[in-house]
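Q: when you get a sec, could you give me coordinates for this:
(chains A and B)
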Amino acid sequence: MNLQGVRRESEYRWVIDPEGAMRASAVLYADAALLRDMDDKVRQQLCNVASLPGIVGAAYAMPDAHWGYGFPIGGVAAFDAEAGGVVSAGGVGFDISCGVRTLVSGCSREEIVAVQERLAQELARAIPAGVGSTGRLRLSDAEMDAMLRGGARWAVSRGYGIEADLEQIEESGCIAEADPAALSQRARERQREEMGTLGSGNHYLEVQSVTGVYDEAAASAYGLRAGRAVVSIHCGSRGLGHQVGTDYLRDMAIAAPSFGLALPDRELACAPIHSSLGQRYLGAMRAAMNCALANRQILTHLCREAFRRIVPGTEWRLLYDVSHNICKEEVHVIDGRPRRLHVHRKGATRAFGPGDPAVPTAFRPHGQPVLIGGSMGTASYVLAGSATSEALAFSSACHGAGRSMSRHQATRQWQGRRLVDELAARGILVRSPSLRGVAEEAPGAYKSVEQVVDVAERAGLARKVARLEPLVCIKG
Amino acid sequence: MGDWQHFAHGADIGIRGRGATPAEAFAQAATAVTAVATDPSLVRPQAAVRMQCQSPDLEMLFFEWLNTLVYQMATRRMLFSTFDVRIEGDRLEAVARGEGVDVLRHAPAVEVKGATLTELAVRQGPDGGWTAQCVVDV
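A: Model (predicted):
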C-alpha cells in the first residue's frame, strides 16, 4: 500500500485524515509489514466508505483487510440513521451472516487421532459440501417463513440441536425484525434444497485440537483445555443470502441517484436507513442472518450425529456462534453519549468486551468469544473481546487470515493431490470433492493468521485465549 | 471468434469475455463463469435451458445476465458450456447448454455466489471488438 498521507498514530493504528469527499477519517489497524502488503485498493475502498452519509467515528480496516467490492473485506463502518446514515448491501457482502461456530467436548486429541480416518470419512459422508450439493431438508413456503423468522431457534424446535445451544449464539440464535416478505422468489428458490449444506470456497468443518492456551481464566470459562478436541464450522446463509445480496446490490445501485447519493464507486450501493428500500434490505438481510444461523445449527446436528456413530457417548457443547458479514443495530458511546448505530462488519467479527450484557453470563467477565478461522493447514484462534475495542472500532476484530494471493496464483503454485498428501503427513486429513478447490484454498495462499491475530491483540481489538490446530478438515 | 479469461481480484475472481458483438462477449464471459467452477471442456452440452433478462443499461444488462446464469446454475445444479446469446434493445435472450453437476467428473472447485459491480465494464475497443467483464463473488 502507498503510505503517502497515512499518519502513524501508534504502532498499530494508522490514520488517513479526511480529504476530498471523505466525511470521516479512515483508520487501519496493522503493523508496518501487514500494511505494506495490503492492496492499495483497501485504502481506496476505505476512503470511499468514509465518504458515505451519516458515517460516525471513522471507517476502520482490521489487520486482515483485503480488497473487496465496495467495502474492503475486514472493514467496519457505523452509520447514524438520524444523521442521514445509510445501509449498504456491499457493506455486508453476498454471504450474509457468514460466520464461525465452535463446539467443545471432553474428547482428547488422542481419542480423535485413534479414529481419525473413520471420522473423516463419516463427516465427509454426513456433511453436504461443495458445488451442487443438497441438504436433506425441503422447506415448504410456510416452513421457509418460519425458518427465516426463527433462525437457530426454529432449527432447534425442529429437532436440530438442543435448547442450551441457543444461549451460546449471537442474539440467542434469532435475529429480530426479519422480514421474509422482503425476499425475492429467486432467493427462496435458491435455498429450497440448500438447508444444512456447507457450501464451497473457504467454508469448512474442522475437527481441531487445542494446542495453546494464552488466557487460562477465559479458556476455562469457554470450556477450552489444552489437548482437548473442538469442532469449528465456517459457513453462511448459502444461496438465499447470495441472492439477497445480488437483488439489493442491483436495487441500491439503480436507486442511488434518487436518494441524491453521488457514489465514488457503484459497488458502494446503499440506501438511507430510513428509506423504504433501506428498511426492506434490513428486513431481508435479517431473514438471511436467520437462515445462516439455522444452517449452522443443522450442520451442528449432523456433526453431532456423525460423532455419535464413530465415538459413542461424546457430547459436543456449543461454545459460541458469531457472524462476520453483517449490519446490526447497536448502541455505542460516542463522545460520552450513547448512540444507536447501524454497524456494518464485512469480514470483521463483533468483539464485545467484558461486562457487556449481550455476552452470555458465564463468559461476561472475560468478554465475548471471537472465533477466528484458519485455512486447512494453519491454526484457528479463539479470542476474547477486549475492554478497549469499543473505543477503537465499535467492538470489532479481525475474522481470519485473509488471502494473500488469488485463486489462480494458488492453483499455479500448488497441486491439490500433493497438498492433501502433505497435510496428511502432518496429521491433517482433508476431505473435499474438488482437488482444484483444495489447491485454491492452500494454506500458503493466506496471510499468516498468527501475525493477524497478534496485531489484533497488540492493537487492543481482542485478546488471545486459545490456539486450535486442525485434525480433520471437510472442505466444500 | 471471441475468447474469455479470468483476471485477479484478491479473494474473488474477475471474469472477462471478448467478442465481435456485445452478445458474443456476454456468451464468452458466461464460459468464464463456468470456468470458475470447472474446466468448461468437461461439461457436455446435453440439456438446453432458456434464459432471459432485461435492463436499459448495457452494463447492468451484463450484470443481470450473469446473475440469471448463476441462479440457473444454483437451482438446477447444472454447469453450462455453450451459450447462444441474443440482445435486442434492452432485452437479452439466451440458450445455455450443459448438464447436471457430476462431482467426480467435474470436480467443481467453488460456486459463484453472484456478479458484483466491481470492475463492471462493457466497452468497444479501438478494433471494434467488445469486452464485457466484472468481478464475481465466490
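
Q: can you name the residue of chain B nearest to chain A?
A: B:V101 (3.1 Å; CB to the nearest CB). Glycine gets a C-beta too; all of them are placed from N, C-alpha and C.

Q: what does stretch A:233-240 contact?
A: The contact list for stretch A:233-240 (CB atoms under 8 Å, 6 or more residues apart in numbering or on different chains) reads A:95-103, A:183, A:187-188, A:190-191, A:194-195, A:197-199, A:202-206, A:244, A:288-289, A:291-292, A:295-296, A:299-300, A:303, A:323, A:325, A:373, B:74-75.

Q: if we can go back for a sec, which ones are touching the residue of chain B closest to chain A?
A: B:V101 neighbours (CB under 8 Å, 6+ apart): A:131-132, B:77-79, B:108.

Q: what subset of the residues you listed is buried?
A: A:131-132, B:78-79, B:108 (16 or more other CB atoms under 10 Å in any protein chain shown).

Q: what parts of chain B come near chain A?
A: Counting by CB under 8 Å from any CB of the partner chain, the positions of chain B adjacent to chain A are B:6, B:8-13, B:37-38, B:60, B:63-64, B:67, B:70-71, B:74-75, B:77, B:100-101, B:103, B:106-111, B:113-118, B:120, B:135, B:137-138.

Q: dump the buried ones among the contacts of B:V101 to JSON lines, plus pLDDT and distance to A:R149.
A: Converted to JSON lines, these look like this (pLDDT from 0 to 100; distance: CB to CB, whole Å):
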{"residue": "A:V131", "pLDDT": "92", "distance to A:R149": "29"}
{"residue": "A:G132", "pLDDT": "89", "distance to A:R149": "29"}
{"residue": "B:M78", "pLDDT": "97", "distance to A:R149": "31"}
{"residue": "B:L79", "pLDDT": "98", "distance to A:R149": "34"}
{"residue": "B:P108", "pLDDT": "93", "distance to A:R149": "33"}
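
Q: which one of these is nearest to B:Q54?
A: B:M78 (22.5 Å; CB to CB).

Q: any idea which element the residue nearest to the closest one when sequence neighbours are not counted lies in?
A: Leaving aside its sequence neighbours, B:M78 sits nearest to B:G98 (CB to CB, 6 or more residues apart in numbering or on different chains; 5.1 Å). If you go by DSSP states H and E, B:G98 is part of strand B:91-100.

Q: now that strand - C-alpha only, PDB.
A: The C-alpha trace of strand B:91-100 is given here as PDB (Å, rounded to 0.1, in the frame of the first residue of the first chain):
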ATOM      1  CA  ARG B  91     -33.600  -7.400 -23.700                       C
ATOM      2  CA  LEU B  92     -31.300 -10.400 -23.600                       C
ATOM      3  CA  GLU B  93     -32.400 -14.000 -24.500                       C
ATOM      4  CA  ALA B  94     -30.100 -16.900 -24.300                       C
ATOM      5  CA  VAL B  95     -30.000 -20.600 -24.700                       C
ATOM      6  CA  ALA B  96     -27.400 -22.200 -22.400                       C
ATOM      7  CA  ARG B  97     -26.500 -25.900 -22.900                       C
ATOM      8  CA  GLY B  98     -24.900 -28.100 -20.200                       C
ATOM      9  CA  GLU B  99     -25.500 -30.900 -17.800                       C
ATOM     10  CA  GLY B 100     -26.100 -31.600 -14.100                       C
END
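
Q: contacts for the helix or strand just after it, please.
A: Next helix or strand after strand B:91-100 toward the C-terminus (DSSP H and E): helix B:103-106. Contact with helix B:103-106 is made by A:130-132, A:433-434, B:37-38, B:42-43, B:79, as judged by CB under 8 Å, 6+ apart.

Q: could you find the closest non-adjacent residue to the residue in chain A that chain B sits nearest to?
A: Closest residue of chain A to chain B, CB to the nearest CB: A:G132 (3.1 Å). Using CB to CB, 6+ apart and skipping residues adjacent in sequence, the residue nearest A:G132 is B:V101, 3.1 Å away.

Q: next one: that neighbour relative to B:T38, how far apart?
A: Per CB to CB, to the nearest Å, B:V101 is found 9 Å from B:T38.

Q: any shared contact partners between the two?
A: B:79, B:108.

Q: number of residues surrounding A:A226?
A: Counted by other CB atoms under 10 Å in any protein chain shown, the residues lying close to A:A226 total 14.

Q: which residues does it contact?
A: So A:A226 contacts A:210-213 (CB under 8 Å, 6+ apart).

Q: swap in 10 Å and give it another go.
A: A:109, A:209-213, A:216, A:219, A:466-467 (CB atoms under 10 Å, 6 or more residues apart in numbering or on different chains).

Q: mind listing the helices for chain B?
A: With DSSP state H as the criterion, chain B has helices at B:22-37, B:58-76, B:103-106.

Q: now the first one - C-alpha only, PDB.
A: Same thing as helix B:22-37. Below are the C-alpha coordinates for helix B:22-37, written out as PDB (Å, rounded to 0.1, in the frame of the first residue of the first chain):
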ATOM      1  CA  PRO B  22     -21.800  -7.400 -27.100                       C
ATOM      2  CA  ALA B  23     -23.800 -10.700 -27.300                       C
ATOM      3  CA  GLU B  24     -20.700 -12.700 -28.200                       C
ATOM      4  CA  ALA B  25     -18.700 -11.000 -25.400                       C
ATOM      5  CA  PHE B  26     -21.500 -11.900 -23.000                       C
ATOM      6  CA  ALA B  27     -21.500 -15.500 -24.200                       C
ATOM      7  CA  GLN B  28     -17.700 -15.700 -23.700                       C
ATOM      8  CA  ALA B  29     -18.000 -14.200 -20.200                       C
ATOM      9  CA  ALA B  30     -20.500 -16.900 -19.300                       C
ATOM     10  CA  THR B  31     -18.000 -19.500 -20.200                       C
ATOM     11  CA  ALA B  32     -15.600 -17.700 -17.900                       C
ATOM     12  CA  VAL B  33     -18.200 -18.100 -15.100                       C
ATOM     13  CA  THR B  34     -18.300 -21.900 -15.700                       C
ATOM     14  CA  ALA B  35     -14.500 -22.000 -15.700                       C
ATOM     15  CA  VAL B  36     -14.500 -20.600 -12.100                       C
ATOM     16  CA  ALA B  37     -16.000 -23.900 -11.100                       C
END
